[in-house]
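>>> Show me how the following folds:
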Amino acid sequence: MSRPLTPLGLTVLRLLADEQMHPYEMQQRIRERAIDHVVKVAHGSLYHTVARLAEQGLIEPVETSREGRRPERTVYAITEAGRDEARARLREFIMRPVQEYPSFGMALAFVSMLPPAEAATLLDRRTVDLEAKLAAHDTVVESLIKQGHSRVSVLEVEFLNSRLRAELDFVRALSEDIKNRRIDWRPPNGGDGEKQ
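Numbering: from 1, shown residues only. As a prediction, this is how the structure comes out:
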């Protein structure tokens, strides 16, 4: 294989392991199952990924049809090579933690550039957003379970929720620590950050 399988590529292979479908159906399933909460699906990237997987022999067209004036729709199936590659890449993703660079972590590294009161206010706003996301994700999980999806098919949203809860707890505590002056607000190396 020329390039490692991307998360979106793995998503396509997983969907096709369940059943043959065309890219539009894949897009619908990604939204229905909230996979787009854990895999970035930019406009047009799904079709590009499908084309790349077909070139690599990981999926293959099994049927092409046209309805009226609509564009042709090609239905794809996963190949044995695709199953093997998906399993190999999945093992890597599960086994090896990858260093990720979240922008919030970066912002915390530089938070002392802001006045403490402003930082606390911004953290409180983040708390509201996190609470809303958590509620929305909980609703997604409940809805999918009611529709008959098994717990294993919503583990990614459960994982997101556990991370959101941890972040929410951290952000609330940090905001309180700032408001109660339990943090020395001097920037490292005596820079020009805001003082309390």
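
>>> what residue lies at the spatial centre of this protein?
residue 38 (1.9 Å; Cα atoms, centre = their mean).

>>> looking at it, that one is touching residue 158, isn't it?
No - counting by Cβ atoms under 8 Å, residue 38 stays clear of residue 158, with 10.8 Å between them. C-beta: built from backbone N, CA, C; applies to glycine.

>>> Quick one: residues contacting the residue nearest to residue 161 when sequence neighbours are not counted.
In space, and not counting its chain neighbours, residue 161 is closest to residue 137: 5.0 Å by Cβ to Cβ, 6 or more residues apart in numbering. The neighbourhood of residue 137, defined by Cβ atoms under 8 Å, 6 or more residues apart in numbering, consists of 34, 37, 157, 160, 161, 164.

>>> measure residue 7 to residue 152 for me?
18 Å (Cβ to Cβ, to the nearest Å).

>>> Compare these two (neighbour count), which wins?
A side-by-side neighbour count of residue 7 and residue 152, using other Cβ atoms under 10 Å, places residue 7 first with 14 against 7.

>>> Spatially nearest residue to that one, not counting backbone neighbours?
residue 39 (4.7 Å).

>>> The one you found: neighbour count?
16.

>>> residue contacts, it?
7, 8, 11, 30.

>>> Could you look up the SS state of it?
The three-state label given to residue 39 by DSSP: H, G, I helix; E, B strand; the rest coil is coil.

>>> Residue 76 touches residue 54, doesn't it?
Yes - if you go by Cβ under 8 Å, residue 76 and residue 54 touch, sitting 7.0 Å apart.

>>> For the helix or strand hosting residue 92, which helices and strands make contact with it?
Element membership for residue 92, per DSSP states H and E: helix 80-95. Helix 80-95 sits against helix 7-18, with contacts defined as 3 or more Cβ pairs under 8 Å, 6 or more residues apart in numbering; DSSP states H and E.

>>> ok, and for the helix it packs on, which residues are buried?
For helix 7-18, a neighbour-count test (16 or more other Cβ atoms under 10 Å) marks 8, 9, 10, 11, 12, 13, 15, 16 as buried.

>>> and of these, the nearest to residue 148?
The closest of the buried residues of helix 7-18 to residue 148 turns out to be residue 15 (Cβ to Cβ; 17.3 Å).

>>> hmm, back to that, looking at the residue nearest to residue 161 now. What's its pLDDT?
Confidence at residue 137, expressed as pLDDT, is 86.

>>> now do the one 10 residues further on
Per-residue confidence for residue 147 comes out at a pLDDT of 89.

>>> Residue 80 too?
pLDDT, read off for residue 80, is 98.

>>> swap in residue 73?
pLDDT, residue 73: 89.

>>> Could you tell me how many residues sit around the spatially closest residue to it that is not a sequence neighbour?
Take residue 73 and drop its neighbours on the chain: the residue closest to it by Cβ to Cβ, 6+ apart is residue 22, 4.5 Å away. Neighbourhood size, residue 22 [other Cβ under 10 Å]: 17.
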